[in-house]
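**Student:** pasting the sequence and the predicted coordinates here, then a few questions.
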Amino acid sequence: NAGVTQTPKFQVLKTGQSMTLQCAQDMNHEYMSWYRQDPGMGLRLIHYSVGAGITDQGEVPNGYNVSRSTTEDFPLRLLSAAPSQTSVYFCASRAGTGGSYEQYFGPGTRLTVT
Amino acid sequence: KQEVTQIPAALSVPEGENLVLNCSFTDSAIYNLQWFRQDPGKGLTSLLLIQSSQREQTSGRLNASLDKSSGRSTLYIAASQPGDSATYLCAVYGGAQKLVFGQGTRLTINP
């Protein structure tokens, strides 16, 4: 199993550009989520999904969009990038009800917005 | 609102020492607590998961304990090695699909 994979590893955007961060998992996990990690702020939840077709907002959803058309994939879209979105983005997944709730994280995407 | 605190923020010890990392949380209504390791520029690797009904979990040289009533967890690392150098994060899951993380302890093991 590859676990949770993310692409790209690094990205530089100009203010106002849009892009999609990709996340995929091969563990058949129901739950997937996106976090951002910033110095002094720790990791904060952006959006999450409890299954294909179902998504909801986390703590810091503004400026981001998600959709979940398959169990495996959970892309994160930046609609119009801003310097405040410079961060490291992590995708995570876990099994559904009846599982251990153990979360597995991807390797991260390091995004710089200039 | 759940808050997670990790003390100390940084720790430097010589190789071979046993050490303890601390994590405290303000709301005891949790499903589980998870310890992660993060190497510089890398993702999070899950080390140990303790369910709310458990008191401790062990994996190799690592032992994590949980005292839900006092809102505390400790991660014990035995016979530390330079390869243990990393940032250690604790996170609690209280529902709402969200892990709440501490700021981490940056651990350096000196050869």
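**Tutor:** Happy to help now that I have it. Numbers count the residues shown, from 1 in each chain, chains lettered A, B, ... in the order given.
**Student:** contacts and neighbour counts: CA atoms only from here.
**Tutor:** Fine.
**Student:** how near is the residue nearest to B:Ala78 when sequence neighbours are not counted to chain A?
**Tutor:** Residue nearest to B:Ala78 in three dimensions, not counting chain neighbours: B:Asn18, with 4.5 Å by Cα to Cα, 6 or more residues apart in numbering or on different chains. Using Cα to the nearest Cα, to the nearest Å, one obtains 26 Å as the distance from B:Asn18 to chain A.
**Student:** which residue does chain B bring closest to chain A?
**Tutor:** Sorted by distance to chain A under Cα to the nearest Cα, the residues of chain B start with B:Gly43, at 4.1 Å.
**Student:** contact partners for that residue?
**Tutor:** By Cα atoms under 8 Å, 6 or more residues apart in numbering or on different chains, B:Gly43 lies in contact with A:90, A:105-108.
**Student:** 6 Å - rerun?
**Tutor:** The neighbours of B:Gly43, taking Cα atoms under 6 Å, 6 or more residues apart in numbering or on different chains as the test, are A:107-108.
**Student:** kindly report the same for B:Leu49.
**Tutor:** When contacts are counted by Cα under 6 Å, 6+ apart, B:Leu49 touches B:33-34.
**Student:** at 8 Å instead, please
**Tutor:** Residues in contact with B:Leu49 (Cα under 8 Å, 6+ apart) are A:102, B:32-35, B:57.
**Student:** sorry, back to before: give me the number of residues near the residue nearest to B:Ala78?
**Tutor:** A count of neighbours around B:Asn18, defined by other Cα atoms under 10 Å in any protein chain shown, yields 14.
**Student:** ditto for A:Thr112
**Tutor:** Applying other Cα under 10 Å, we find 19 other residues in the vicinity of A:Thr112.
**Student:** who does the helix or strand hosting it pair with, and is each partner parallel or antiparallel?
**Tutor:** Mapping A:Thr112 onto the secondary structure by DSSP states H and E places it in strand A:109-113. Counting by DSSP bridges, the strands paired with strand A:109-113 are strand A:10-13 (parallel), strand A:87-94 (antiparallel).
**Student:** can you redo these as JSON lines with mean pLDDT and distance to A:Met41?
**Tutor:** Formatted as JSON lines, the entries for the strands paired with strand A:109-113 read as follows, by pLDDT from 0 to 100; distance: least, Cα to Cα, whole Å:
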{"stretch": "strand A:10-13", "mean pLDDT": "96", "distance to A:Met41": "21"}
{"stretch": "strand A:87-94", "mean pLDDT": "96", "distance to A:Met41": "11"}
